[in-house]
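one predicted model, sequence on top.
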Amino acid sequence: MSNGLYFHIPFCRSKCPYCDFFSVKYEKELAEKYTDRLCEEIKKYNGSFDTIYFGGGTPSIIEPELIGKIIAASKNQFDIDKNAEITVECNPSKNLERDFEKYAQYGVNRISLGMQSARNEERFALGRAAGQADVAKAVNDAKKAGITNISLDVMLGTPKQTLDSLDETFEFIHKMDVTHISAYMLKIEKGTKFHQLQNKLVLPDEDTVCQMYLKTVDRLKELGFEQYEISNFAKAGFESRHNTKYWLLDDYLGIGCSAHSLWQGKRFYYDRDFNIIPDGECNYDEERIILGLRLSKGIKKDLIKKDLSAYIKMGYIVEKGNNIALTPKGMLVSNTIITALI
């Protein structure tokens with residue numbers, strides 16, 4: 001079985017007010033040193049991989065040649081499948097035309113663009129510098145470079161967002177003709193700017209956010225995107241092969257500050273100083289339920305020993321042959337249901 005390879009690129013131009021991922025201010029020299037360190041870390045491991053994913057931070061903020069350098073070092077050390085899915089997360093506030101041309105030369109074949117919303121006022125309220133026109137340019141530039149597997153991020157329940165304003169985002173998605181959507185509900189995390197400001201933020205209420213989520217599931221289906229995980233929707237054959245490994249408990253190796261791994265049955269992560277911190281053994285029985293129920297196809301019925309009849313009756317769980325799965329309504333309260341089932 002091939003595994004997933006993840007690189008954390010922690011650099012950003014500025015910190016988004018909702019983000020609690022580890023990131024530092026971008027400096028060219030620092031990014032070059034960090035890349036060299038990643039290439040050294042690679043040498044500690046062996047394995048075969050059929051996905052490579054650059055997450056962040058903002059991976060596209062560093063020079064594209066550095067992405068190329070990391071991919072080359074990976075191919076030198078590991079057995080990388082010739083049809084590997086190679087994804088880079090990108091911020092459309094930068095003109096990415098040249099970057100995409102370089103990425104394509106290095107074998108990058110999937111882009112994940114931080115859109116959040118197609119409405120400029122909603123994007124700006126989230127601290128994003130790029131407007132709708134910049135997102136459209138990035139999508140078109142990626143396609144021009146030959147990278148046609150493109151995912152857009154959407155956020156739900158954000159400042160200034162309404163049920164009706166979501167329609168503009170769906171219209172834009174349709175017009176852009178992309179292959180994948182990740183739709184996340186805004187969560188106010190400790191240590192973020194939004195956490196400090198939470199009493200002043202004007203956010204949609206909980207019921208409205210639930211309606212937004214269910215509307216998103218329905219509208220994306222109409223546009224040809226099948227929901228395959230709580231927050232992820234794809235056109236047929238374009239599910240994220242890399243992220244699916246996390247939910248199926250396949251092995252993945254994360255390299256870089258704050259990158260996490262499930263490798264040969266053990267969990268570990270890098271701290272902010274590149275120290276490797278053990279994080280315990282994987283409890284496959286329990287985690288198969290917790291992570292598997294995030295997927296629309298669900299899990300085998302026999303993994304659950306509790307009575308499910310009440311959840312089925314209320315429309316939170318549906319039986320699919322030998323599997324059980326959460327419905328979109330069930331996914332809204334997935335944490336509560338999963339906690340009750342394990």
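Nice, I can see it.

now do the buried residues in the host helix or strand of G68.
Following DSSP states H and E, one finds G68 within helix 64-77. Neighbour counts over helix 64-77 (16 or more other C-beta atoms under 10 Å) mark P64, L66, I67, G68, K69, I70, I71, A73, S74, Q77 as buried. All C-beta spots, glycine's among them, are computed from the backbone N, C-alpha and C.

can you get me a residue count around the nearest residue to G292 once chain neighbours are set aside?
Leaving aside its sequence neighbours, G292 sits nearest to I299 (C-beta to C-beta, 6 or more residues apart in numbering; 3.8 Å). Residues contacting I299 under the criterion other C-beta atoms under 10 Å number 21.

how about the one 5 residues further on?
Each residue near I304 was counted by other C-beta under 10 Å, and the total is 15.

what residues are up against the closest residue to it other than its chain neighbours?
The shortest distance from I304 to any non-neighbouring residue, by C-beta to C-beta, 6+ apart, is to L341 (5.5 Å). Counting by C-beta atoms under 8 Å, 6 or more residues apart in numbering, L341 touches I289, L293, I304, K306, L308.

same question, I277
F268, Y269, Y270, D271.

okay if I get those residues as JSON lines plus distance to L332?
Formatted as JSON lines, these follow (distance: C-beta to C-beta, whole Å):
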{"residue": "F268", "distance to L332": "32"}
{"residue": "Y269", "distance to L332": "29"}
{"residue": "Y270", "distance to L332": "33"}
{"residue": "D271", "distance to L332": "34"}
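
most neighbours of all these, which one?
Within the contacts of I277, neighbour counts (other C-beta under 10 Å) peak at Y270, which reaches 20 neighbours.

show me the beta-bridge partners of that one.
For Y270, the beta-bridge partners are I276 (DSSP bridges).

please tell me how far it sits from D279.
According to C-beta to C-beta, to the nearest Å, Y270 stands 11 Å off from D279.

likewise for T58?
Going from T58 to D279 by C-beta to C-beta gives 25 Å.

which one's more surrounded, those two?
Neighbours were tallied for T58 and for D279 using other C-beta under 10 Å; the higher tally belongs to T58 (23 against 13).

circling back to that earlier point, most neighbours, which of the contacts of L341?
Tallying neighbours with other C-beta under 10 Å puts L293 at the head of these, with 25 neighbours.

next, that residue: phi, psi?
The phi/psi pair for L293 (degrees, to the nearest 10) reads phi -70, psi -10.

likewise S261?
When read as degrees, to the nearest 10, the backbone of S261 gives phi -130, psi 150.

please identify which helix or strand holds the residue nearest to it when sequence neighbours are not counted.
Excluding the flanking residues, the one nearest S261 by C-beta to C-beta, 6+ apart is G254, at 4.6 Å. Secondary-structure element containing G254, defined by DSSP H and E: strand 252-255.

what's that strand packed up against?
Strand 252-255 is packed against strand 3-9, helix 28-42, helix 241-248, strand 260-263, strand 266-270, with contacts defined by 3 or more C-beta pairs under 8 Å, 6 or more residues apart in numbering; DSSP states H and E.

again, only using 6 Å
If contacts are counted by 3 or more C-beta pairs under 6 Å, 6 or more residues apart in numbering; DSSP states H and E, strand 252-255 sits against strand 3-9, strand 260-263.

quick one: which of the ones you listed is nearest I150?
I150 lies closest to strand 3-9 among the helices and strands packed on strand 252-255, at 18.9 Å (C-beta to C-beta).

just give the number of residues close to the nearest residue to L152 once chain neighbours are set aside.
The shortest distance from L152 to any residue other than its chain neighbours is 4.4 Å, reached at M115 (C-beta to C-beta, 6+ apart). Look at M115: counted by other C-beta under 10 Å, it has 29 neighbours.

tell me the SS of M115?
Here M115 is recorded as strand under DSSP: H, G, I helix; E, B strand; the rest coil.

next up, the contacts around it.
When contacts are counted by C-beta atoms under 6 Å, 6 or more residues apart in numbering, M115 touches V135, L152, D153.

the helix or strand the second one falls within vs helix 241-248, what angle?
Under the criterion DSSP H and E, the helix or strand holding L152 is strand 149-156. Going by axes from the mean of the first three to the mean of the last three C-alpha atoms, to 10 degrees, strand 149-156 is angled at 60 degrees with respect to helix 241-248.
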